[in-house]
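Novice: Need coordinates for the below:
(chains A and B)
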Amino acid sequence: AQKITQTQPGMFVQEKEAVTLDCTYDTSDPSYGLFWYKQPSSGEMIFLIYQGSYDQQNATEGRYSLNFQKARKSANLVISASQLGDSAMYFCAMSKGRQGGSEKLVFGKGMKLTVNP
Amino acid sequence: DAGITQSPRHKVTETGTPVTLRCHQTENHRYMYWYRQDPGHGLRLIHYSYGVKDTDKGEVSDGYSVSRSKTEDFLLTLESATSSQTSVYFCAISEVGNEQYFGPGTRLTVT
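Specialist: Numbers count the residues shown, from 1 in each chain, chains lettered A, B, ... in the order given. Model prediction:
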């Protein structure tokens, strides 16, 4: 069975600093996808970034990058130059099956990031 | 933003009553999903659909049923609501091989 683990219940970071949010996963499937979502206090779920298990390079999307270490089964989210608007819950998730196929996402329990001015 | 709406956005109902939540999309995406979000559990998949009239169970499907008679609509029904089904329910959509986009959520309280 697939499992996502996010062990940091909460983190604090100063505005303009970089921050790394940890995510480890467990699966026996050779093909899978890894996702990060942001949930601000308003409640909506916002897609941030995706990494496929066969992708050779780490994914990047603007200030977000995914530090994918396959051997360690980790998929940490790095946010560069934090902004106050980055304060939110962050969820790591993975999909089963063909790379990029996002049916049946399994989510971690999330972690709360607070950006201080 | 992906065109996904959920109705109602808030609902309070009594134990034992039937409840139907609606998800409507304007993106013509093939896949639609229902999740529930509870403190300490993240999001858990209830049911999903991979086409009109094609549905499958997720991780926490007991007590829920779904229907999809049109591409754009995916209904989640609680046949007889229980207090354990008090939760925030999210609908999501995706195309084949792509990330999921979420609706605004429905807060359901069962008293």
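Novice: can you give me the offset of the strand ranked longest in chain B from its chain's centre?
Specialist: Counting residues, the longest strand in chain B under DSSP state E turns out to be strand B:42-51. Mean-position distance between strand B:42-51 and its chain equals 7 Å (Cα atoms, centre = their mean, to the nearest Å).
Novice: Do you have the strands of chain A handy? List them.
Specialist: Taking DSSP E as the test, the strands found in chain A are A:3-5, A:10-14, A:19-21, A:24-26, A:32-39, A:46-52, A:60-61, A:64-69, A:74-79, A:88-96, A:106-107, A:111-116.
Novice: ok, then the element right after the longest strand of chain B?
Specialist: As assigned by DSSP states H and E, the chain's next helix or strand after strand B:42-51 is strand B:54-57.
Novice: Mind listing residues that contact that next one?
Specialist: Strand B:54-57 is contacted by residues B:47, B:48, B:49, B:50, B:66, B:67, B:68 when judged by Cβ atoms under 8 Å, 6 or more residues apart in numbering or on different chains. The C-beta positions use only the backbone N, C-alpha and C, and glycine is treated the same way.
Novice: Tell me how many other residues surround the last one.
Specialist: Residue crowding around residue B:68 was assessed by other Cβ atoms under 10 Å in any protein chain shown; the count is 20.
Novice: That one looks like it's in a strand, true?
Specialist: Yes: counting by DSSP: H, G, I helix; E, B strand; the rest coil, one finds residue B:68 located in a strand.
Novice: Nearest the geometric middle of chain A, what residue?
Specialist: Nearest to the mean C-alpha position of chain A, counting by Cα atoms, centre = their mean, stands residue A:36 at 3.4 Å.
Novice: Show me what it is bridged to.
Specialist: Note on residue A:36: beta-bridge partners by DSSP bridges are residue A:49, residue A:92.
Novice: give the contact list for residue 53.
Specialist: You didn't say which chain, so I picked chain A. For residue A:53, the contact set (Cβ under 8 Å, 6+ apart) comprises A:30, A:31, A:32, A:33, A:34, A:70, A:99.
Novice: wait, chain B
Specialist: Residue B:53 makes contact with B:68, B:69, according to Cβ under 8 Å, 6+ apart.
Novice: before we move on, the earlier item: of the contacts of strand B:54-57, which ones also sit close to chain A?
Specialist: Subset of the contacts of strand B:54-57 in contact with chain A: B:48, B:50, counting by Cβ under 8 Å from any Cβ of the partner chain.
Novice: Just the buried residues out of the contacts of strand B:54-57, in ChimeraX syntax.
Specialist: Selection of buried members from these for ChimeraX, criterion 16 or more other Cβ atoms under 10 Å in any protein chain shown:
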select /B:47,48,49,66,68
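Novice: Put together TSV for the contacts of strand B:54-57, with distance to residue A:105 and pLDDT on each row.
Specialist: Formatted as TSV, the contacts of strand B:54-57 follow (distance: Cβ to Cβ, whole Å; pLDDT from 0 to 100):
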residue	distance to residue A:105	pLDDT
B:47	13	95
B:48	9	93
B:49	14	93
B:50	14	89
B:66	17	97
B:67	21	97
B:68	18	97
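Novice: Show me the two of the contacts of strand B:54-57 that sit farthest apart.
Specialist: By the measure Cβ to Cβ, the contacts of strand B:54-57 have their two most distant members at B:50 and B:67, which lie 13.9 Å apart.
Novice: Cool, thanks, talk later.
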